[in-house]
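>>> Provide a 3D model corresponding to the input given below.
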Amino acid sequence: VYGGTLLLNPAATPLQWLRVMMSVNEEHLAVVKQKRDELHGYTRQIQEILPVKLRKGATCSAMDFYYCVKGIAEVTKAMTTNDRDGEISDDDSALTMTSTSLIHASTVTISVEALGSYRRAVVTKDGIIRVGADITAESLIATCQRLSEEAASRREKAEETDLKCRDLMKRVKDTFELLYLRRQPRSTVTSDQILSSLGRLLAMRQNLREHEIIKSQLHRNSLRIAASGQLCQLGSDGSIVLPWDWQ
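Residues are numbered from 1 along each chain as shown. As a prediction, the model looks like this:
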């Protein structure tokens, strides 16, 4: 009910899947909508206090993400309520002062992962801060204060690399007259690997004979850059699959 996702047993038969799907009724859908609305409200409430964008990580369950966001939102609500009423404890005062110092900071993206997966928050190459679903509001505020500048710097570098990547992909597509040029997700093939792979492909223009051979083979075909360790092969969609570290 927290994520609105219906989980099916892969070992079950299609008839058993059908029975599970038919068991979903209006009451279930109403609860799902209610939880989504509540989650949206909690997220909006947090963003009014902290310059963060919370998102559910791939390893985090919908239920853990819901209660993580709910817990943080309740603390931020208590901070604002006590501030208006003039009843601020020492702990709340410290939190309020810390959160206030983040008002003018750039917005950071925080990926909430599985419970206990991160004892300390880490910053990815894309400038995303990863935390565990058991993080508290106090730790979240301290994490934003400690890592926001590093996250912003890495995000800026990642955006510059992505821009170079898109420009290079366009050049390769036009040079070899490809139907389309695609890449696998960043989690599989990084932007730096794409730059390396396509850069070597363009460098083959120095050898006119090799360039003409490759161009004739790729002309009006589709090319997809894949992860390392794969062989050059024909994909199920008819595209030529090329590992980024091709030789």
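>>> every contact and neighbour count from this point should use C-alpha atoms.
OK.
>>> quick one: mean pLDDT for the helix or strand residue 216 falls within?
Residue 216 belongs to helix 208-218 when assigned by DSSP states H and E. In this model, helix 208-218 carries a mean pLDDT of 85.
>>> what does it contact?
Helix 208-218 is contacted by residues 176-178, 204-205 when judged by CA atoms under 8 Å, 6 or more residues apart in numbering.
>>> and the closest residue to residue 39 other than its chain neighbours, which of the three is it?
Leaving aside its sequence neighbours, residue 39 sits nearest to residue 66 (CA to CA, 6 or more residues apart in numbering; 6.4 Å). Here residue 66 is recorded as helix under DSSP: H, G, I helix; E, B strand; the rest coil.
>>> quick one, the lengthiest helix in the chain and helix 208-218 angle?
The helix of greatest length in the chain, counted in residues with DSSP state H as the criterion, is given as helix 137-175. Calculated by axes from the mean of the first three to the mean of the last three CA atoms, to 10 degrees, helix 137-175 forms an angle of 110 degrees with helix 208-218.
>>> what's the following helix or strand after helix 137-175?
Moving on from helix 137-175 towards the C-terminus, the next helix or strand you reach (DSSP H and E) is strand 180-183.
>>> show residues contacting the helix or strand following that next one.
For strand 180-183, the following helix or strand on the C-terminal side (DSSP H and E) is helix 191-203. Residues from elsewhere that reach helix 191-203, judged by CA under 8 Å, 6+ apart: 161-162, 164-165, 168-169, 172, 183, 225, 244-246.
>>> switch the cut-off to 7 Å
Applying CA atoms under 7 Å, 6 or more residues apart in numbering, the external contacts of helix 191-203 come out as 161-162, 165, 172, 244-245.
>>> now stretch 222-230
Where contact means CA under 7 Å, 6+ apart, the residues beyond stretch 222-230 that reach it are 178-184, 188-189, 239-245.
>>> for stretch 121-129, same thing?
The set of residues external to stretch 121-129 that reach it, using CA under 7 Å, 6+ apart, is 109-111, 130-131, 143, 151-152, 154-155, 158.
>>> quick one: end-to-end distance for that stretch.
7 Å (CA to CA, to the nearest Å).
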